[in-house]
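# any chance you could fold what I've pasted below:
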Amino acid sequence: MSVETPKAQDVVDDVTGRLASEFSTKLSPAAVGVIVRATHRELQEQIVPEAIGEMLHRLARHRIARVVRVL
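Predicted coordinates for the structure are as follows:
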């Protein structure tokens, strides 16, 4: 039995869309995208592919929330 993992770009796009919607009153979608892509690059070699979506969402959301608190 094999586990099919989503393509990296699909995961990044999905997480960016959800977080851009969540933080739409505080940050532009472009700013959210920058944070999500940077977070993805950092996690890419450290997280098993099956978990990247959840971990990317959690870590990027945490980083965005920190940025929003500072603004």
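# where does the chain have low pLDDT?
Applying pLDDT under 70 to the chain flags residues 1-5.
# show me where it has helices.
Listed in chain order, the helices of the chain (DSSP state H) span 8-22, 29-43, 52-70.
# mind putting those helices in a markdown table, mean neighbour count included?
C-beta here means a position set from N, CA and C on the backbone, and glycine is covered the same way. Shown next, in a markdown table, are those (neighbours: other CB atoms under 10 Å):
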| stretch | mean neighbour count |
| --- | --- |
| helix 8-22 | 16 |
| helix 29-43 | 17 |
| helix 52-70 | 15 |
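# C-alpha coordinates for stretch 36-43, CSV please?
Extracted in CSV, the C-alpha atoms of stretch 36-43 (Å, rounded to 0.1, in the frame of the first residue of the first chain):
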residue,chain,number,x,y,z
VAL,A,36,4.6,30.3,3.5
ARG,A,37,7.2,29.7,0.8
ALA,A,38,10.1,30.5,3.1
THR,A,39,8.7,28.2,5.7
HIS,A,40,8.3,25.5,3.1
ARG,A,41,11.9,25.8,2.0
GLU,A,42,13.0,25.3,5.6
LEU,A,43,10.8,22.3,6.3
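# just how off-centre is it within its chain?
When C-alpha coordinates are averaged (CA atoms, centre = their mean, to the nearest Å), stretch 36-43 and its chain have centres 7 Å apart.
# ok, and what's touching that stretch?
8, 11-12, 15-16, 19, 52, 55-56, 59-60, 63 (CB atoms under 8 Å, 6 or more residues apart in numbering).
# ditto for stretch 61-71
19, 22-23, 26-27, 31-32, 35, 39.
# now, the most widely separated pair of those residues?
Distance extremes for these: the farthest pair is 26 and 39 at 17.2 Å, using CB to CB.
# residues touching the residue lying closest to residue 29 once chain neighbours are set aside, list them.
In space, and not counting its chain neighbours, residue 29 is closest to residue 20: 4.0 Å by CB to CB, 6 or more residues apart in numbering. Going by CB under 8 Å, 6+ apart, residue 20 touches 27, 29, 32-33.
# measure residue 20 to residue 57 for me?
12 Å (CB to CB, to the nearest Å).
# ok, residue 33 next?
14 Å.
# ditto for residue 43
In terms of CB to CB, residue 43 sits 11 Å off from residue 57.
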